[in-house]
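Asks: I'll drop the sequence and a predicted model, then ask my questions.
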Amino acid sequence: MKKIFITLSLFTILFSCESSKLAPVPTNAVKPTVTTEQTPNDTDDPAIWINYQNPEKSLIIGTDKQEETGGLYAYDLNGKIVKQIVPLNRPNNVDVMYGFPLNGKNVDIAVLTERANNKIRIVSLPDFKLIDDGGIEVFKDETLRDPMGIALYKSKNNKFYAIVGRKDGVSGEYLHQYALENKNGKIEATLVRKFGNYSGNKEIEAIAVDEELGFIYYADETAGIRKYYADPEKGNEEIAFFGQKDFKRDHEGIAIYKTNATDGYILISDQQANYFNVYKRQGEASNPNEHKLIAKIPVSTIECDGADAINFNFGTKFPKGFFVAMSNGKTFQIYDWQIIQNEIDKQAK
């Protein structure tokens, strides 16, 4: 009995020490409008699917990151879990794409990385069913695999792509971009380019695509945010590297909120500070690829890994859309965009 007590006491001390390392929520933190139900393991990354016929029935889709017993979850706008796909083998990040041509019709899909199996998985929406025949391998023939981040891109000439990051990689080839195509009723992924500089400091996980402007942003953790063209035909030149001195430590989840076709905000998790740093989506008037810090939003999320944002009228609760971010505690936090905009406006004065 004494040995059990000592073991439990030691566990409690270690757990408390680990917990104490987490940065406290800022005293002036904005409060979420909705906090989702808990998942069994460890939430990581959200994406938003709009139901254009019935916006209030839209979904927030999020990963629960665990080997063998992980899952993909769908939440309604009240934060309730309404659908799930379990088990999955360490699902990591997820993104959504509209109107993918499959079997004679256009379907909406979510694509996620299944890290422990070195695959991407494809889910039809809104029925929330796997449609990938066991998944599609990525980083084949590479020594360094472990897929983590993912972002989807539909080009102006209707080509569909998945940009995939990993736990570790070679600078200049860290990210792989795959063309997604319907072949004989199956979705196949063809590697079209390897690109992406890497500091070598930590890892690259968060990736976001600005589809209208044609840019990819990704977080080189502890180093900065890197910007590239999303169209592989435009080459692999890095066109911006910003936010290098604006973060406490890790650069994490990236969300893009669009106020119109060209303007808006890029929000990036300052993970250990529990803030989101805000940059102009359109850059500076003199240089659209110069992104200066314009606001730091104190949030209630704890050590946020992933985030997403959308400008759309979902009804009375979210008339200007919302911002959603992962938080420790197995949840996602949903913020009425007007709360975030008020903070930006206050700091921009």
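Replies: Great, that's in hand.
Asks: could you pull out the strands for the stretch 151-300 of the chain?
Replies: 160-166, 175-183, 186-195, 204-210, 215-220, 224-229, 240-242, 251-258, 264-270, 275-280, 293-298 (DSSP state E, counting those that start in this stretch).
Asks: Take the ones you listed and lay them out in JSON lines including distance to Gly149, mean neighbour count and mean pLDDT.
Replies: Placement of C-beta: from N, CA and C, glycine included. Putting those into JSON lines (distance: least, CB to CB, whole Å; neighbours: other CB atoms under 10 Å; pLDDT from 0 to 100) gives the following:
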{"stretch": "strand 160-166", "distance to Gly149": "4", "mean neighbour count": "24", "mean pLDDT": "98"}
{"stretch": "strand 175-183", "distance to Gly149": "8", "mean neighbour count": "19", "mean pLDDT": "97"}
{"stretch": "strand 186-195", "distance to Gly149": "14", "mean neighbour count": "16", "mean pLDDT": "97"}
{"stretch": "strand 204-210", "distance to Gly149": "4", "mean neighbour count": "25", "mean pLDDT": "98"}
{"stretch": "strand 215-220", "distance to Gly149": "7", "mean neighbour count": "25", "mean pLDDT": "98"}
{"stretch": "strand 224-229", "distance to Gly149": "12", "mean neighbour count": "22", "mean pLDDT": "98"}
{"stretch": "strand 240-242", "distance to Gly149": "17", "mean neighbour count": "18", "mean pLDDT": "98"}
{"stretch": "strand 251-258", "distance to Gly149": "9", "mean neighbour count": "24", "mean pLDDT": "98"}
{"stretch": "strand 264-270", "distance to Gly149": "13", "mean neighbour count": "26", "mean pLDDT": "98"}
{"stretch": "strand 275-280", "distance to Gly149": "18", "mean neighbour count": "23", "mean pLDDT": "98"}
{"stretch": "strand 293-298", "distance to Gly149": "22", "mean neighbour count": "18", "mean pLDDT": "98"}
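Asks: Those strands: which one's closest to Lys80?
Replies: strand 251-258 (22.1 Å; CB to CB).
Asks: can you pull out the helices in the stretch 1-150 of the chain?
Replies: Secondary structure of the stretch 1-150 of the chain (DSSP state H, counting those that start in this stretch): helices at 2-20.
Asks: Please, where are all the strands along it?
Replies: Under DSSP E, counting those that start in this stretch, the stretch 1-150 of the chain gives strands at 34-35, 43-49, 59-64, 70-75, 81-88, 91-102, 105-114, 119-125, 129-130, 136-137, 147-154.
Asks: that older thread, please name whichever of the strands of the stretch 151-300 of the chain is nearest to Pro55.
Replies: strand 251-258 (16.5 Å).
Asks: before we move on, the earlier item: let's have the strands of the stretch 151-300 of the chain in JSON lines, adding distance to Phe128.
Replies: What follows is these, written out as JSON lines (distance: least, CB to CB, whole Å):
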{"stretch": "strand 160-166", "distance to Phe128": "19"}
{"stretch": "strand 175-183", "distance to Phe128": "19"}
{"stretch": "strand 186-195", "distance to Phe128": "16"}
{"stretch": "strand 204-210", "distance to Phe128": "23"}
{"stretch": "strand 215-220", "distance to Phe128": "27"}
{"stretch": "strand 224-229", "distance to Phe128": "31"}
{"stretch": "strand 240-242", "distance to Phe128": "36"}
{"stretch": "strand 251-258", "distance to Phe128": "22"}
{"stretch": "strand 264-270", "distance to Phe128": "26"}
{"stretch": "strand 275-280", "distance to Phe128": "28"}
{"stretch": "strand 293-298", "distance to Phe128": "31"}
